[in-house]
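[1] I'll drop the sequence and a predicted model, then ask my questions.
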Amino acid sequence: MADDAEPLRIPITGELDLHTFRPAEAASVVAEYLAACRERGLASARIIHGKGTGALRETVHALLRRSPLVESFRLGDENSGGWGATIVRFKPPIHRQNH
């Protein structure tokens, strides 16, 4: 695979569906998506990882546990994808005062 390929553009809507990515890409895609959501001031996001074997869910949850941007996360409820999706709440941004 060539490194000169155009980067993939993902709309930052607060919802990321990982079904369109290879499992090996999931961690980097999620990390970049979380940073982009935070840059845009979103308070939360939904990551759709599917139900399957649970391996992708565990990859996503491990990344969320380590992320300094994440305040908390939980599996979706019946209205947000059940255990095939994870709801992420971001830490509030730190506002720096100019002196």
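    Perfect, thanks for sending it. Residues are numbered from 1 along each chain as shown.
[2] Strands along the protein, start to end?
    Read by DSSP state E, the chain holds these strands, from start to end of the chain: 15-17, 44-48, 70-75, 85-90.
[3] Export the ones you listed to a markdown table and append columns for mean neighbour count and mean pLDDT.
    To be clear about C-beta, it is placed using only N, CA and C from the backbone, and glycine gets the same treatment. Listed next are the strands of the chain as a markdown table, based on neighbours: other Cβ atoms under 10 Å; pLDDT from 0 to 100:
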| stretch | mean neighbour count | mean pLDDT |
| --- | --- | --- |
| strand 15-17 | 19 | 94 |
| strand 44-48 | 20 | 95 |
| strand 70-75 | 14 | 96 |
| strand 85-90 | 20 | 96 |
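[4] what's the first-to-last distance across stretch 59-72?
    Distance between the two ends of stretch 59-72: 16 Å, counting by Cα to Cα, to the nearest Å.
[5] ok, residues contacting that stretch?
    Stretch 59-72 is contacted from outside by 18, 23, 26-27, 30-31, 34-35, 38, 47, 49, 73, 86, 88-92, using Cβ atoms under 8 Å, 6 or more residues apart in numbering.
[6] how does it look with 7 Å?
    Contacting residues not belonging to stretch 59-72 are listed as 26-27, 30-31, 34-35, 38, 47, 49, 73, 86, 88-91 [Cβ atoms under 7 Å, 6 or more residues apart in numbering].
[7] Pull the distance from that stretch to the chain's centre.
    A distance of 9 Å separates the C-alpha centroid of stretch 59-72 from that of its chain, computed with Cα atoms, centre = their mean, to the nearest Å.
[8] Buried residues in that stretch, which are they?
    Burial within stretch 59-72, assessed by neighbour count using 16 or more other Cβ atoms under 10 Å, is assigned to T59, V60, H61, L63, L64, S67, V70.
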